[in-house]
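Peer 1: from the sequence below, what's the structure:
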Amino acid sequence: MRLFNTLTREVADFAPASPPAVGMYSCGPTVYADQHIGNMRAYVFADTLKRALDWKGFGVRHVINITDVGHLTSDADEGDDKLEVAARREHRNAWEVAEQYTRDFRADLERLRIIEPDVWCKATDHIGEMIRFAEVLDAGGWCYQLPSGLYFDTAKDGDYGKLARLDLAGQRAGARVDVVGGKRNPSDFAVWRTSAPGENRQMEWDSPWGRGAPGWHLECSVMSIEYLGRHFDIHTGGVDHIPVHHTNEIAQSEAYLADGQPWVRWWLHGEFINLRGAKISKSAGGAVLVTDLIDRGYHPLVYRYLLLQAHYRSQTEFSWEAMDGARAGLRRLLDRFAAARAAPGGRIGAAAAEHLEAFDLAISDDLNTPRAVAAVVAASRDDRLTDGELTALAREFDAVLAIGVADLSPADLDLKRTDVAISEEEVQTLIADRNAARAARDFARSDQIRDQLAGVGVTVADHPGGGSTWRWT
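Peer 2: Numbers count the residues shown, from 1 in each chain. Here you go, the predicted model:
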């Protein structure tokens, strides 16, 4: 298994410290709102990595945290806590907000067939451990105190910024770091944030540096070490975590451990998905949620299939047209694999072994899921394969990709839309009326019906030979 390590900027053979055991930590969500489909790409990537490692014979212990305190409205030390802001916005307490959005997040994981981690850990359940961690840093001379909290002095870490390869000399305050009065260096970050005098916060605790809350970066260091040990194999997250969050995790963790060893040996990061083509009015801020996909008639695994058609380190585009294409492609796969499913899976012959080897080579090459999907497609089209071989291959493919080739049928992809005020039967009736109007050359009526359909999310395509087709938009 070869993987790209952000720390070294190289693809290399993956070797855990204590094979076949693998310790893996994934930065979890800040539960102040529902996670949109862009957020979910990081978890599909981490799940594919975990599945691939398990499939290759490793035994993965996976930990995901829930950030229910500490993450400010910037990614550094500026603004209010996101949970406090959400509580005021929704006129509820912060604990209720966190509980609801944690529940929603876990439901989305299930919809996308993302395997739950071996350990869930909440920041608010580990405040005592965070304070003790910060005390070690403070006693070791790594920190200094300001009225606003306890700060890590990055100038004392000669390797600070090695993950992101930061140019600290040229770093400006106010970019991805914030301006806090009294900070010695723009890159210094809060280990503990002290509540301002007279500030009435829902989430705060007593500490040696005053009543307040932990810094965002502190919690991931503390909880990953708590559940995976002082050093572990893999840390995952989105590329946006590289310059601030993960950089600061490394600095404080290696200062705390003080053993001269890399805290984590492998850092893997997933790229963004461009959501400019994904605006939808019903969701707060226009972001698309997994439930919005379902409302528009897309099975969640269509989105997973769309994501897997791009490499995790490549940016990719989302659009409703891309979702239509992904659904059509997945349906073609399901047509063949579902038709073969009556035959029990058994031994595979040489031809099937070729497809399995191609799939293995793709997955083993830094999770090259586009090539892996191509191997699945090639197997589905190979007339040499028996139904039993296809069934056996489907189980292998789905163990890693989880796109339903082992158990879904094409009909399972046809979800009924719930976000429109018109039924499919009504659409068909209007299409028939429009075709009749076109045949009678009543183009005013034809255009009126087209506009009516467009207003309820239906796009009509006319064919030169007559007739038309339609789709939801």
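Peer 1: hang on, residue 325 is in a helix, isn't it?
Peer 2: Yes - counting by DSSP: H, G, I helix; E, B strand; the rest coil, one finds residue 325 located in a helix.
Peer 1: low-confidence ranges, the stretch 51-200 of the chain, go.
Peer 2: Applying pLDDT under 70 to the stretch 51-200 of the chain flags residues 74-78, 167-179.
Peer 1: let's go with 50 and repeat that
Peer 2: Low-confidence regions of the stretch 51-200 of the chain, defined by pLDDT under 50, span residues 170-176.
Peer 1: give me the three-state assignment for residue 187.
Peer 2: Per three-state DSSP, residue 187 ends up coil.
Peer 1: that one touches residue 156, doesn't it?
Peer 2: No - contact between residue 187 and residue 156 fails when scored by C-beta atoms under 8 Å: they sit 11.5 Å apart. All C-beta atoms are positioned from the backbone trio N, CA, C, and that covers glycine.
Peer 1: more crowded one of those two?
Peer 2: More neighbours surround residue 187 than the other of residue 187 and residue 156, with 25 against 17 (other C-beta atoms under 10 Å).
Peer 1: tell me the phi and psi of the more buried one?
Peer 2: phi -80, psi -10 (degrees, to the nearest 10).
Peer 1: same question, residue 469
Peer 2: Here is the backbone geometry of residue 469 (degrees, to the nearest 10): phi -120, psi 160.
Peer 1: so what's the closest residue in space to residue 359 that isn't next to it in sequence up against?
Peer 2: Nearest residue to residue 359 in three dimensions, chain neighbours excluded: residue 375, at 4.1 Å (C-beta to C-beta, 6 or more residues apart in numbering). Each residue near residue 375 by C-beta atoms under 8 Å, 6 or more residues apart in numbering is listed here: 355, 358, 359, 362, 397.
Peer 1: the closest residue to the first one other than its chain neighbours sits in which helix or strand?
Peer 2: If I follow you right, that is residue 355. Spatially, and ignoring its direct neighbours in sequence, residue 355 is nearest to residue 379 (4.0 Å; C-beta to C-beta, 6+ apart). Element membership for residue 379, per DSSP states H and E: helix 369-380.
Peer 1: how about the next helix or strand after that helix: buried residues?
Peer 2: For helix 369-380, the following helix or strand on the C-terminal side (DSSP H and E) is helix 387-401. Judged by neighbour count (16 or more other C-beta atoms under 10 Å), helix 387-401 contains these buried residues: 387-394, 396-398, 400-401.
Peer 1: for the stretch 51-200 of the chain, what spans make up the strands?
Peer 2: Taking DSSP state E, counting those that start in this stretch as the criterion, the stretch 51-200 of the chain contains strands spanning 59-66, 119-122, 143-146, 149-152, 189-194.
Peer 1: want to throw those into JSON lines with mean neighbour count and distance to residue 104?
Peer 2: Listed next are those as JSON lines, based on neighbours: other C-beta atoms under 10 Å; distance: least, C-beta to C-beta, whole Å:
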{"stretch": "strand 59-66", "mean neighbour count": "21", "distance to residue 104": "12"}
{"stretch": "strand 119-122", "mean neighbour count": "17", "distance to residue 104": "14"}
{"stretch": "strand 143-146", "mean neighbour count": "18", "distance to residue 104": "36"}
{"stretch": "strand 149-152", "mean neighbour count": "26", "distance to residue 104": "31"}
{"stretch": "strand 189-194", "mean neighbour count": "26", "distance to residue 104": "27"}
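Peer 1: before we move on, the earlier item: what's the average pLDDT for the helix holding residue 379?
Peer 2: Averaging pLDDT along helix 369-380 yields 98.
Peer 1: by how many degrees do it and helix 387-401 diverge?
Peer 2: Going by axes from the mean of the first three to the mean of the last three C-alpha atoms, to 10 degrees, helix 369-380 is angled at 170 degrees with respect to helix 387-401.
Peer 1: how far does helix 369-380 sit from the chain's center?
Peer 2: 22 Å (C-alpha atoms, centre = their mean, to the nearest Å).
Peer 1: that older thread, now for the buried residues of helix 387-401, which pair is the farthest apart?
Peer 2: Largest separation among the buried residues of helix 387-401 by C-beta to C-beta: 387 and 400, giving 21.5 Å.
Peer 1: so which strand or helix has residue 251?
Peer 2: helix 247-257.
Peer 1: same question, residue 4
Peer 2: Using DSSP H and E, residue 4 sits in strand 2-5.
Peer 1: thanks a lot, catch you later.
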